[in-house]
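Enquirer: just to be clear, the model below is a prediction. Sequence and coordinates:
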Amino acid sequence: MRELRTINLLILIAFILSLSVGVYAQEEEEPDFSLMEYYSGERHSLADVLTTKVNIMVVTSTTCGSCISELRAMDWIRAKYKGDMSVTAVFVDRAGEARVYRYLKYYNFDLDKILVDPGGAVPKRFDAHVIPTMIMFDKKGNEYYRKEGFKSGDESMIIYKAEEIIYNKKRAPRQTPRSQTTEASQPAPKTTGCASTG
């Protein structure tokens, strides 16, 4: 009888250990996000977004003023480095696709991919708690630079970081001569973005 209890106890311990290993494996192998691309209707995963070039992902919303400024800047930067850079906008609007459609029709941004994520899978996956959040990935798909919020003049740092990857070397920041100092080079008030993603 004692042997039967010992066997049952060992079976129970083995079962509990197998459950804990399974939970650990699920945490380690976190499933990739899969979202509908706005224009094509195709589903895209993280692997589709991260190509073999500079990849910028902007977690954004239609209800955020500074998001409009950031997407305009991304539009301009993408055109400047066409072929070397990919820009994906991920809209986290809970209102869904209808609102995003009206917004995109009005602003007509020229980006590589536009994903709609009302469930907030991307902010959870990338720990993006502020709207907007921009995440830049290098050619191997590793996070290279992150910026929360957006203010006038942030374009310079985005370009600086992108060129580090594109030209595969650290580049010295460009100095602006004192006689050519512009408003963009003046210290700007700190912003934290429009909203929290939850």
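Expert: Yes, it's here. Residues are numbered from 1 along each chain as shown.

Enquirer: now do the helices in the protein.
Expert: Along the chain, the segments classed as helices by DSSP state H run 2-28, 46-49, 65-80, 97-107, 121-126, 154-166.

Enquirer: going by neighbour count, list what's buried in the second one.
Expert: In terms of neighbour count (16 or more other CB atoms under 10 Å), helix 46-49 has its buried residues at 46, 48, 49. (Each C-beta comes from the backbone N, C-alpha and C, glycine too.)

Enquirer: which one of the residues you listed is nearest to residue 135?
Expert: Among the buried residues of helix 46-49, residue 49 lies closest to residue 135 (CB to CB), at 10.2 Å.

Enquirer: run through the protein and note the low-pLDDT ranges.
Expert: 1-32, 169-198 (pLDDT under 70).

Enquirer: what's the neighbour count on residue 79?
Expert: By other CB atoms under 10 Å, 11 other residues sit near residue 79.

Enquirer: I'd assumed residue 49 was in contact with residue 55.
Expert: Yes. Judged on CB atoms under 8 Å, residue 55 makes contact with residue 49 at a distance of 6.4 Å.

Enquirer: which neighbours do those two share?
Expert: Common contact partners of residue 55 and residue 49 (CB atoms under 8 Å, 6 or more residues apart in numbering): 86, 88.

Enquirer: right, and residue 145 touches residue 160 too?
Expert: No. Applying CB under 8 Å as the test, residue 145 and residue 160 come out as separate, 9.2 Å apart.

Enquirer: which one's more surrounded, those two?
Expert: Ranked by neighbour count (other CB under 10 Å), residue 145 and residue 160 place residue 145 first, with 18 against 15.

Enquirer: list the contacts for that one?
Expert: 135, 136, 158, 161.

Enquirer: ok, now residue 159?
Expert: By CB under 8 Å, 6+ apart, the residues touching residue 159 are 77, 80.

Enquirer: ok, now residue 43?
Expert: Residue 43 touches 34, 35, 36, 37, counting by CB under 8 Å, 6+ apart.

Enquirer: ok, now how distant is it from residue 120?
Expert: Going from residue 43 to residue 120 by CB to CB, to the nearest Å gives 17 Å.

Enquirer: what sits closest to residue 44 if chain neighbours are left out?
Expert: Nearest residue to residue 44, sequence neighbours excluded (CB to CB, 6 or more residues apart in numbering): residue 37, at 5.2 Å.

Enquirer: on that earlier part again, if any of the contacts of residue 43 are buried, put those into a PyMOL selection.
Expert: Those of the contacts of residue 43 that count as buried under 16+ other CB under 10 Å are selected in PyMOL with:
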select buried, resi 35+37
